[in-house]
Every structure is written in structure tokens, then in C-alpha cells.
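quick one, structure for this:
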Amino acid sequence: MANKEGFMKIAALFSGAKDSTFAIYKVMQMGHEVKCLVSLISENPESYMFHHPNIEWTGMQARAMGIPIVTKKTAGEKEKELKDLEAVLREIKPDIEGIVSGALASRYQKSRIDDICQKLGLKSLAPLWGTKPEEHWNNILKSGFEIIVTAVACEGLGKEWLGRRINREALLGLKNLSEKHGFNLAGEGGEFETFVLSGPIFKKKLKILKAEKVWEEDTGSYLIKNLELVGK
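Residues are numbered from 1 along each chain as shown. Got it, this is the predicted structure:
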């Protein structure tokens, strides 16, 4: 844990997926206090910054973690959507000193978050930055997070992956497919999306009651229709 002298009050940019969730876990390990989560709900599925399947369920994940959440809709227009993020962070700025993101390898996203933080006088934290994909997955699984695949959009990943939990066996299969077909093992190019159901920072876990698989040509989504919180 970090020395108390160096801890900060942090807001976390949160999509409900593996990277943003694991980044929260990492800053908590460093000794920082996560005051709230921030989710931008994009109306544009092609958003460069915020699109994520099942983003509407981040409120339930926040409840499971016991952390307050701030949500805001955005039209998701390239570059303009950054002003929506800035507006939210400006509102909560009096209560925080820094922002944590799950940026792993996307310079587009990280540089823009860094710029907004610099403008607002906030520290930008990216504890996962530069981690190799396989190492990243191993860290996530070793820490005890329960993660499912919620979208696939590349050659090699079929309908059978939708809703699948990523455990050691599934990771091996994913690795083999990534090597064969050349996609990023961490999904950094949008090859697949994930959703976190439980983990060490969750006080309760999420149980999916109803979901639908949607498949069009060579892409698909696992759309969660109903969830409940249950004991761990």
C-alpha cells in the first residue's frame, strides 16, 4: 500500500469491462481512495472513447462494489465527446485529485484523458499502461475477477464466445486464436468486449438472469437484459 502521505482521492473512468475495473483494483492497492465511478453512455456505437456493450449496467456494478457512480449521456461524436467528459470531471473536481483509466495501449484515448486532466489540474493515472496482453490477462485472473465476453468483431471469434467466462482454459483458447488470426489478445483493437461480474473489489457479485445473443454476419453481441446482485 502507498504511504498515506501520497494517497489521493480518485474518480475512475468506468465502462464495466475488464480494463477499467482492474485499474480501479490497482489504484486501491496503491492506497488511493476511489470516490466515484464515471460512466459516459454514448448514443453512437462507433464512439472512439466510450462505446461499450452493456454500458447501461455499470450502475449495478457500482452497487456491487459499493462505490457511487456518475453517469452522463454523450452523442459520441469524435472529439466533441471529450467536452462531455470534461464537463463531468469539472463538476466533480472539488471532491477529487486524480482520474484513473484502464488505458492499456491506446494512445488516442490516453493522450486525450491526459490533456483533460492537465487542463483541470488533476492527476491522470493509468496503472495498466504498457502491460503486455498475456501478462495483463494473467494478472486479472490471478486476482480473482470473473469476466465474460460480451461482443466479438474479428476473424477467429465466433458466436460460441458470446457470454463465455474467461478462465485459464478459455484464455489459452483465446491466445491460440489470436496467434492464428492476428488479433490483439487484450482486445485493444475492438476485437472483443468484456463485462465484469465479480472480483476482489466487489462486495456482491452480479448474476445474469436474462441475456440475448445477437449475430450479424461476422460480428455479435451478448446483450444483458436482466441482472441481480447476489452474495459472494
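
wait, Ala12 touches Ser39, no?
No - if you go by Cβ atoms under 8 Å, Ala12 and Ser39 don't touch, sitting 9.5 Å apart. Placement of C-beta: from N, CA and C, glycine included.

more neighbours, those two?
Each of Ala12 and Ser39 has its neighbours counted (other Cβ atoms under 10 Å); Ala12 has more, 28 against 24.

am I right that that one sits in a strand?
Yes - secondary structure of Ala12, determined by DSSP: H, G, I helix; E, B strand; the rest coil: located in a strand.

quick one, domains of this protein?
4-125, 143-230 (automatic domain parsing).

could I get the average pLDDT for the last one?
Which is domain 143-230. Domain 143-230 carries an average pLDDT of 96.

start to end distance for it?
Domain 143-230 has an end-to-end distance of 20 Å (Cα to Cα, to the nearest Å).

adding distance to Lys132, write the domains of the chain out as JSON lines.
Converted to JSON lines, those look like this (distance: least, Cβ to Cβ, whole Å):
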{"stretch": "domain 4-125", "distance to Lys132": "9"}
{"stretch": "domain 143-230", "distance to Lys132": "9"}
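
of these, give the one that comes closest to Pro133.
The closest of these to Pro133 is domain 143-230. By Cβ to Cβ, the value is 3.7 Å.

run the chain-centre distance for that closest one.
Counting by Cα atoms, centre = their mean, to the nearest Å, domain 143-230 is centred 12 Å from the centre of its parent chain.

so which residues of this structure form strands?
9-13, 33-42, 69-74, 98-100, 123-125, 146-152, 192-198, 205-216, 219-230 (DSSP state E).

how far away from the center of its chain is the fourth one?
When you say that, I think you mean strand 98-100. Distance, centroid of strand 98-100 to centroid of chain: 14 Å (Cα atoms, centre = their mean).

give me the residues contacting it.
Identification of contacts with strand 98-100 by Cβ atoms under 8 Å, 6 or more residues apart in numbering yields 8-13, 23-24, 26-27, 32, 34, 38, 89, 113, 116-117, 122-127.

give me the buried entries from those.
8, 10-13, 23-24, 26-27, 32, 34, 38, 89, 113, 116-117, 122, 124-127 (16 or more other Cβ atoms under 10 Å).

got a markdown table for the strands of the chain, with distance to Gly59 too?
A markdown table is the format used below for those (distance: least, Cβ to Cβ, whole Å):
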| stretch | distance to Gly59 |
| --- | --- |
| strand 9-13 | 14 |
| strand 33-42 | 8 |
| strand 69-74 | 6 |
| strand 98-100 | 19 |
| strand 123-125 | 23 |
| strand 146-152 | 16 |
| strand 192-198 | 13 |
| strand 205-216 | 11 |
| strand 219-230 | 10 |
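
closest one to Asn176 among those strands?
Across those, closest to Asn176 is strand 192-198 (Cβ to Cβ), at 14.5 Å.

report the angle between that closest one and strand 205-216.
Computed by axes from the mean of the first three to the mean of the last three Cα atoms, to 10 degrees, the angle separating strand 192-198 from strand 205-216 equals 160 degrees.
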